[in-house]
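Trainee: have a look; sequence and predicted model below, questions after that.
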Amino acid sequence: MMKRALRQLRRLLSPALRRPDLLASEELEAGLDVVYRFLLARGADEGGRRHYLRLMREEGMKLREVAAEIAASDEFQRRLKRRTGRFNEQLTDAPPPEGFVDVRELMNTLSVAELAATAEDYFRKTIDFADRYLAKPLADPHDAPDLLGSFAQLLGGLRLAPGMAVLDFGAGTCWTTRFLTQLGCAVTAVDVSATALALGRDLFTRLPPLGDRPEPRFLLFDGYRIELPDASVDRIVCFDAFHHVPNPADVMRELARVLRPGGIAGFSEPGPNHSKAATSQYEMKNFTALENDVVMADIWRWARAAGFSGLELAIFSTESCRVSLQQFEDLVAGGAPLDEYGERLRGFLTGHQMFFLRKGEQTIDSRDRDGLRGEIAIHLERAEVRGGEPLRGRATVQNVGDAVWLPGQTLVGGVNLGVHLRTRDGRPLAVDFQRIGLETSTVPGQAQVVDFAFAPPAPGEYLLEFDLVSEGVGWFEMNGSATATVAIAVR
Ligand SMILES: C[S@@+](CC[C@H](N)C(=O)[O-])C[C@H]1O[C@@H](n2cnc3c(N)ncnc32)[C@H](O)[C@@H]1O
């Protein structure tokens, strides 16, 4: 590809390459600019422009020599490497090598059940690497940044909340299941390989999640039907697994069936040329594992037919672009765009597609911290009480955010009114001094009025600060809502 570009460049510049001395000054500059754009995908910077124009004008350097010098630079070499980098699945002009496996032929030759059996075989044959599987995503320093970086992006796009039911489709040996469980989700790990799922159980025994977390379920998949009821999960995670599925339209229908309306299915998958990549060819040749291309137009067609209503793709990269202090400061200040980063990003995205499918209108509830906003008004019956006498009053709370508040008794995400006890000068005495339960759910825009009565603190003078709280999620004040404070005296 680079050779072809150089041939094109030579044709374009041939007069200038031969006799730069015959060229006018503007033509020299234009020629230099073409060389820069071809080789470095950017125009000449001021320093480079001045340097090469001087060499050409004063020392008779030819444009061809300038091109050779730029081609020997670190910047060009880095670009060259990126084009063939490990995430880049762009096609090359090279003819297919001997023994090339055509993925379509593989799918036409083997049935869904036979391909599921090859997935199981893969884990059985490589069981000696069990500890390596279980150490994922930290089994290998080379793979870890990409696995962790992609998973982080997937988590962000899924808008997970503790207590959600999550299907981990193609969970393999279940490192993602374990992370999702640690986050408080009730996870069902689904895979066609019984051996992978058994290793997954083993992972939970050897490294149980910390704290009180829902038990995961491990569910063997026959390649056709996911043994879960309709509309029974809030989220679906599919990390590096959908491209192994030989009947994607059918499986997409199953995923849409088990997802609740308002739910999101997030996928992290390779690109449209994946089957031709060297690692895929190796896997298909040695393990008959299906390594299919992921063509987004097909995915969206199957998804729409299955009942999904929205598709979003993520523009991201797990590879950073290191720059000088000057470039960094220019960029942050809104200056020079990073051509190099754009180029690298494009290369990454050819081999890495992250997408989110939505089913119906998404409703946010109070398990999601971002949508929490409330207003509180407090009216106390009396601001001064005798010890033993209850403090009585009325609270009016209004939902001014985007999230539906779940009823107060809901274990995770139930919204209640909390009371902090403070000294008159604002020092905290008891953060969790009282809870005033809100029994029903509250939709955005709606207000609730609740009467309360609770035992006062020991005699003294205090402040009572009222704040809304989503249980297990956070206080509304942390999201920018105002609290309501009243002064009391207990005699
Ligand atoms: C590359 S692994 C990824 C596993 C896991 N998500 C992870 O990140 O470690 C692909 C997984 O897809 C599973 N798989 C293969 N064919 C499948 C199918 N038809 N349906 C569901 N899972 C399948 C394999 O058994 C394997 O566990």
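Mentor: On my side now, so go ahead.

Trainee: how about low-confidence regions in the chain?
Mentor: Within the chain, the stretches with pLDDT under 70 are 1-24, 38, 41-42, 74, 77-95.

Trainee: what does it put close to the ligand?
Mentor: 116, 119, 136, 170-172, 175-176, 191-193, 196, 221, 223, 239-241, 244-245 (Cβ under 6 Å from any ligand atom). For the C-beta atoms, the positions are set from N, CA and C on the backbone; glycine is no exception.

Trainee: of these, buried ones?
Mentor: 116, 119, 136, 170-172, 175-176, 191-193, 196, 221, 223, 239-241, 244-245 (16 or more other Cβ atoms under 10 Å).

Trainee: which of those fall in helices?
Mentor: Using DSSP state H, the members of those that fall in helices are 116, 119, 175-176, 196.

Trainee: could you dump these into JSON lines with distance to residue 32 added?
Mentor: Shown next, in JSON lines, are these (distance: Cβ to Cβ, whole Å):
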{"residue": "116", "distance to residue 32": "59"}
{"residue": "119", "distance to residue 32": "55"}
{"residue": "175", "distance to residue 32": "51"}
{"residue": "176", "distance to residue 32": "50"}
{"residue": "196", "distance to residue 32": "57"}
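
Trainee: quick check: the farthest pair among these?
Mentor: 116 and 175 (21.1 Å; Cβ to Cβ).

Trainee: just checking, what packs against the helix or strand where residue 394 lies?
Mentor: Using DSSP states H and E, the element containing residue 394 is strand 391-399. The helices and strands touching strand 391-399, judged by 3 or more Cβ pairs under 8 Å, 6 or more residues apart in numbering; DSSP states H and E, are strand 374-380, strand 447-454, strand 460-470.

Trainee: which of the ones you listed is buried the deepest?
Mentor: Highest mean neighbour count among the helices and strands packed on strand 391-399 (mean count of other Cβ atoms under 10 Å): strand 460-470, with a mean of 21.

Trainee: ends of stretch 181-188, how far apart?
Mentor: Stretch 181-188 has an end-to-end distance of 10 Å (criterion: Cα to Cα, to the nearest Å).

Trainee: go ahead and name everything in contact with that stretch.
Mentor: 155, 160-168, 177, 180, 204, 209-210, 213-214, 216-219, 228, 233, 235, 412, 472 (Cβ atoms under 8 Å, 6 or more residues apart in numbering).

Trainee: what strand or helix carries residue 253?
Mentor: Using DSSP H and E, residue 253 sits within helix 248-258.

Trainee: list the buried residues in that helix.
Mentor: So helix 248-258, judged by 16+ other Cβ under 10 Å, has buried residues 248, 250-252, 254-258.

Trainee: nearest to the ligand among those residues?
Mentor: For the buried residues of helix 248-258, the minimum distance to the ligand (Cβ to the nearest ligand atom) is 6.5 Å, reached by residue 251.

Trainee: in what helix or strand does residue 486 lie?
Mentor: Per DSSP H and E: strand 484-490 holds residue 486.

Trainee: now the angle between strand 374-380 and that strand, please.
Mentor: 20 degrees (axes from the mean of the first three to the mean of the last three Cα atoms, to 10 degrees).

Trainee: now do strand 484-490: distance to the chain's middle.
Mentor: What separates the centre of strand 484-490 from the centre of its chain is 45 Å, taken as Cα atoms, centre = their mean, to the nearest Å.

Trainee: give the other helices and strands that that strand contacts.
Mentor: strand 374-380, strand 384-385, strand 460-470.

Trainee: show me where the stretch 201-350 of the chain has strands.
Mentor: Ranges of strands in the stretch 201-350 of the chain, per DSSP state E, counting those that start in this stretch, are 217-220, 233-239, 259-269, 310-313.

Trainee: so which of these is the most surrounded?
Mentor: Scoring the strands of the stretch 201-350 of the chain by mean count of other Cβ under 10 Å, the most buried comes out as strand 233-239, with a mean of 25.
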